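K.L.:
here is the input, now give the coordinates:
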Amino acid sequence: PTRRSSDLGPLRRAFSFVCTVEGMTETQRTPEGMSSKPRIKPADAEDGRSVSISARLGRLQFHYSGKFRVLQIADIQDGPKVSKDTIALIEASLDATRPDLVIFSGNQIAGYDPAFADSFRKRRWCDEPIAGSALNHTRALVRKAIGQFTEPLAARGIPWAVTYGNHDFQCGLSNAELDGIYREFPGCVNPPSETLPNQIAYTCGAGGAVQTLSGATGSGAGVTAKADTLGVVDDAGADAVVPSAVSSPASAVGSGEPGTFALPVMDVDHTRNVLGLVILDSGDYVHGGGFGTPSPEALAFLNAVPDRIGARSMVFQHMPMPEYYNVLKPVAANAAFAMQGYRSHADTYYVLDELQTQPGGYLGEGISCPDTSDEFELLREGYFGIVAGHDHRNGFVGEHEGLLLIATPTCGFNTYGPAPAKRATRLIEFDIRHPYEPRTQLLEFGELVGKPSSKRAYTYAVNQTAPGEGEGGDLLRKPSLWSQLSGLFR
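P.N.:
Numbers count the residues shown, from 1 in each chain. The predicted structure is shown next:
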């Protein structure tokens, strides 16, 4: 039988010039048989088609190769002038992976940035009046920031989705307004959207009710609501390109819970849903201190979506869940590389549990999560994993009670994080033969780009061990002869 990527049992290794490991690990380089280059042949210079195969087809679907790729970008967390090293990492990641879809998993905007001082709102429930002129200025600055970090995707015709974290709203704009601004930019698939004309989307309506939307079919057709349907729209053809997004009001149909929606991914013949990608607004803060949880509406949506998609799903959100602590191991405070827990876990120090996490991951800070949450219980049925950001110095893949728990570090260079070379995006590759056992790896700045252009990269928790040589089997290329030889002596 096929071994699960998350199998944490003993790994069989054969050491020669190439290290072959049964199952996915976080330290292995190239898996056996993987090409040294991306599978999709780059387009000719005069070819204006999208890099994303799904974008060409107008829907998210597996390739004839049997693969489907998602690139997660976590915690850009920047002001109106986005670091050029952050942009360089995004560009290099796109060119290395050629993903079908990019997911921004929250805290794109550092709402506390001094540029937003006149409209800054520390908590959602703060009701101090903000001058209209300050809000207009902030809107212009937010558009400037979004334009910078989405331009590499627009240039390559790659569709993208976005959700929100605990800092985005602090600029003074609600998530609903931010959602409308994002949809002004080409490639955004947050519903309602015309980016993927043949894509079905499930959105979170009033009370968590699942609404079904289909993409527009034809120029100016708009987005239509389809009550409880799973219809498939006509194929747009492989030469279709990503159309420009349309500016839709925050009150448009299906936008009752901004940043919360589901996108099914179909098979090659677009006859069935193979898996679902659920993008979730995981909340921000709660009264009395600590981090919040998804709203009751979002939790109701999570509970209802599996029946609608008809396949298991993976969740992408900003905040990790308390269950992430279950893949850690309590240790003495003076143990090597021990990290103190957060709030209700503050009396305990932790390291990664090697029996619950894939080798090569790293823990650079305690899991900053809600004290309690009902989310994990809802994910037991109909889901196979959750991908989060938020903790800038954590990068690991664990498994708890059959669910993958994935933590992705920051890719931003104007915020705290690991050493510059270790700031990363995350590639997740699904295989149609075993779609619920994806392979994943971090795409690190040091490997893809090189040295940062600036020394301004904040570090944190410097007593933590430096991240290893690489997390995940290298899904992009074969190791060089030198790396193979040198690896024998590490």
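
K.L.:
where in the stretch 51-200 of the chain is pLDDT low?
P.N.:
Scanning the stretch 51-200 of the chain for pLDDT under 70 picks out nothing.

K.L.:
and what of the stretch 351-490 of the chain?
P.N.:
Applying pLDDT under 70 to the stretch 351-490 of the chain flags residues 455-490.

K.L.:
can you give me the strands for it?
P.N.:
In the stretch 351-490 of the chain, the segments counted as strands under DSSP state E, counting those that start in this stretch are 383-388, 396-400, 403-407, 424-431, 439-444.

K.L.:
ok, which of those strands comes nearest residue 360?
P.N.:
strand 396-400 (8.3 Å; CB to CB). The C-beta positions use only the backbone N, C-alpha and C, and glycine is treated the same way.

K.L.:
same list (the strands of the stretch 351-490 of the chain) but as a markdown table, adding distance to residue 287.
P.N.:
Formatted as a markdown table, the strands of the stretch 351-490 of the chain follow (distance: least, CB to CB, whole Å):
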| stretch | distance to residue 287 |
| --- | --- |
| strand 383-388 | 23 |
| strand 396-400 | 29 |
| strand 403-407 | 27 |
| strand 424-431 | 33 |
| strand 439-444 | 35 |
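
K.L.:
let's see the pLDDT reported for residue 206.
P.N.:
On the pLDDT scale, residue 206 is placed at 88.

K.L.:
wait, what's in contact with the nearest residue to it once chain neighbours are set aside?
P.N.:
What sits nearest to residue 206 in space, not counting adjacent residues and going by CB to CB, 6 or more residues apart in numbering, is residue 256, at 5.3 Å. Taking CB atoms under 8 Å, 6 or more residues apart in numbering, we find residue 256 in contact with 203-206, 297.

K.L.:
report the separation between residue 256 and residue 332.
P.N.:
48 Å (CB to CB, to the nearest Å).

K.L.:
over to residue 57?
P.N.:
54 Å.

K.L.:
what about these two, which has more around it?
P.N.:
residue 57 (25 against 8; other CB atoms under 10 Å).

K.L.:
so that one is in contact with residue 197, correct?
P.N.:
No: here residue 57 lies out of contact with residue 197, judged by CB atoms under 8 Å, at a distance of 9.5 Å.

K.L.:
any chance you could map the helices in the stretch 301-450 of the chain?
P.N.:
If DSSP state H, counting those that start in this stretch is used as the criterion, the helices of the stretch 301-450 of the chain fall at 375-379, 445-448.

K.L.:
what's in contact with the first one?
P.N.:
Helix 375-379 is contacted from outside by 282, 293-294, 299, 302-303, 315, 321-323, 386, 403, using CB under 8 Å, 6+ apart.

K.L.:
please repeat the previous calculation with a cut-off of 6 Å.
P.N.:
Helix 375-379 is contacted from outside by 294, 302-303, 321, 323, 403, using CB atoms under 6 Å, 6 or more residues apart in numbering.

K.L.:
looking at those, spot the one nearest residue 370.
P.N.:
Distance to residue 370, by CB to CB, is smallest for residue 321 among those, at 7.5 Å.

K.L.:
just give the number of residues close to that closest one.
P.N.:
Residues near residue 321, counting by other CB under 10 Å: 26.

K.L.:
residue 181 now?
P.N.:
16.

K.L.:
over to residue 409?
P.N.:
Neighbour count for residue 409, taken as other CB under 10 Å: 29.

K.L.:
can you report phi and psi for it?
P.N.:
phi -80, psi 170 (degrees, to the nearest 10).

K.L.:
residues contacting it?
P.N.:
392, 395, 418, 424.

K.L.:
do I have it right that the third one meets residue 393?
P.N.:
To tie it back to what came earlier, the one meant is residue 418. Yes: in this structure residue 418 lies within contact range of residue 393 using CB atoms under 6 Å: 5.2 Å.

K.L.:
more neighbours: which of the two?
P.N.:
residue 418 (26 against 23).

K.L.:
for the chain, longest helix please?
P.N.:
Secondary structure of the chain read by DSSP state H shows that its longest helix is helix 132-156.

K.L.:
what packs against the helix or strand that it is followed by?
P.N.:
Using DSSP states H and E, the helix or strand that follows helix 132-156 in sequence is strand 160-162. Contact partners of strand 160-162 among helices and strands, from 3 or more CB pairs under 6 Å, 6 or more residues apart in numbering; DSSP states H and E: strand 101-104.

K.L.:
lovely, talk soon.
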